[in-house]
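Colleague: show me how the following folds:
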Amino acid sequence: MRKTKKALREALISLLNEKSLQNITVRELTSRADIHRSTFYANFEDIYALYAHTEESIAAEISDLAGMSATQFFGGLISYVNENRQTARLFLTSADFSARLTSIFADSCAECWRNEYGVTTAPAEMEYHIQFCLSGAIGAVAKWVAEDFKYPAEELAAHLADLDAAVANSVGPRKFAPTKTYR
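Modeller: Presented below is the predicted three-dimensional model:
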């Protein structure tokens, strides 16, 4: 079953690079994946269910990076995107998917910063800084994808880690003192 879903995912991504989701038929999808239509329907209700599953799978694969250091996180993200270029072109340039990734990593970021600064809850400032950092980083990766990966991957990962460190240094423990709350 894993091979079938992988073949369907790859066929869907390939077709999405040629046409919109609403113009893809199950017949052409199964033909491209080299599986029978009944096999498709044994796994998915329709093309939209496959799309949702594909998006969920990609988000899960990328969410495995949560909890890593900034250098590991950005290196892993850039590596994943570089190895899955066709997929990245479709999903990382989507504002909805980028917002979803930001949401996935926000909790991990908040936990990391809470531990680093010795606070039990994330003050409002921390939440805004996290949103700023993640939106900027994911936006930079989306720009890299949109510009057809022209900037060197290793340099982009290092640059993003440096920017993250600069933001962390600018906010520091004074900014996130446990006594400051807005809730």
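Colleague: centroid residue for this structure?
Modeller: What sits nearest the mean C-alpha location of the chain, by C-alpha atoms, centre = their mean, is Leu101, with 4.2 Å.
Colleague: measure it to Glu116 for me?
Modeller: Distance of Leu101 to Glu116, given as C-beta to C-beta, to the nearest Å: 22 Å. The way it works is simple: take the backbone N, C-alpha and C, and place the C-beta from them, glycine included.
Colleague: so Val26 sits right up against Thr39, yeah?
Modeller: No: the pair Val26 / Thr39 is not scored as a contact, 10.7 Å apart, by C-beta atoms under 8 Å.
Colleague: low-confidence bits of the protein, can you list those?
Modeller: 122, 171-183 (pLDDT under 70).
Colleague: can you pull out the helices in it?
Modeller: Remark: helices assigned in the chain by DSSP state H are 2-16, 26-33, 37-43, 47-63, 70-83, 85-91, 95-117, 124-146, 153-175.
Colleague: quick check, distance from the first one to the centre of its chain.
Modeller: Think helix 2-16. 19 Å (C-alpha atoms, centre = their mean, to the nearest Å).
Colleague: over to the last one?
Modeller: Taking C-alpha atoms, centre = their mean, one finds helix 153-175 lying 19 Å from the centre of the chain it belongs to.
Colleague: now do it: which elements does it pack against?
Modeller: Helix 153-175 is packed against helix 70-83, helix 95-117, helix 124-146, with contacts defined by 3 or more C-beta pairs under 8 Å, 6 or more residues apart in numbering; DSSP states H and E.
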